[in-house]
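Asker: What shape does this take:
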Amino acid sequence: MWKSVFLAAGIFACVAGVELLLIDSAVVLPVDGRGDPAVFTAPDWAPWSLISAGAVTILHFCTLPTGGGKAAVGSLAAEPRFRS
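Answerer: Residues are numbered from 1 along each chain as shown. Sure, this is the predicted structure:
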């Protein structure tokens with residue numbers, strides 16, 4: 001399960017970084033429709049930081065071991081699969 005969490009976080013960070021590279025600013029409207037909209041402008045370093053952190057997280061996903069562990073593999077290998 002942790003492998004999928006790291007992969008999802010890495011992909012999310014990379015996509016958010018690419019989106020920040022493509023837009024200059026975003027207007028955030030209030031949910032209820034009342035009030036003034038806010039303008040969000042990301043700093044210049046934010047897109048590259050998100051892309052690099054996402055790439056490192058995806059690489060960390062690639063190095064994590066798969067499920068099972070030694071106990072589950074060892075217990076299966078100790079029993080014969082077919083009995084004669």
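Asker: what's the spacing between Gly10 and Arg34?
Answerer: According to Cβ to Cβ, to the nearest Å, Gly10 and Arg34 sit 38 Å apart. Using the backbone N, CA and C atoms, a C-beta is placed for each residue, glycine as well.
Asker: meant to ask about His60
Answerer: Distance, His60 to Arg34, using Cβ to Cβ: 44 Å.
Asker: Same check on Val28?
Answerer: 14 Å.
Asker: just to revisit the earlier point, higher neighbour count, His60 and Arg34?
Answerer: When His60 and Arg34 are compared for neighbours, His60 comes out ahead with 14 against 6, by other Cβ atoms under 10 Å.
Asker: show me the residues around the more buried one that make contact.
Answerer: Counting by Cβ atoms under 8 Å, 6 or more residues apart in numbering, His60 touches 6, 10.
Asker: State the helix or strand in which it lies.
Answerer: If you go by DSSP states H and E, His60 is part of helix 46-63.
Asker: quick one: buried residues of that helix?
Answerer: If you call a residue buried by 16 or more other Cβ atoms under 10 Å, then helix 46-63 has these buried ones: 47, 50-51, 53-54, 57-58, 61.
Asker: Using CSV, write down the CA coordinates of it.
Answerer: What follows is helix 46-63 as a C-alpha-only set of coordinates in CSV (Å, rounded to 0.1, in the frame of the first residue of the first chain):
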residue,chain,number,x,y,z
ALA,A,46,7.8,26.5,-7.0
PRO,A,47,7.3,24.7,-10.3
TRP,A,48,10.8,23.3,-10.5
SER,A,49,10.8,22.4,-6.8
LEU,A,50,7.5,20.4,-7.3
ILE,A,51,8.7,18.7,-10.4
SER,A,52,12.0,17.7,-8.8
ALA,A,53,10.4,16.5,-5.5
GLY,A,54,7.9,14.5,-7.5
ALA,A,55,10.6,12.9,-9.6
VAL,A,56,12.6,11.9,-6.5
THR,A,57,9.5,10.5,-4.9
ILE,A,58,8.7,8.4,-8.0
LEU,A,59,12.3,7.1,-8.0
HIS,A,60,11.9,6.2,-4.3
PHE,A,61,8.8,4.3,-5.4
CYS,A,62,10.9,2.3,-7.8
THR,A,63,13.3,1.2,-5.0
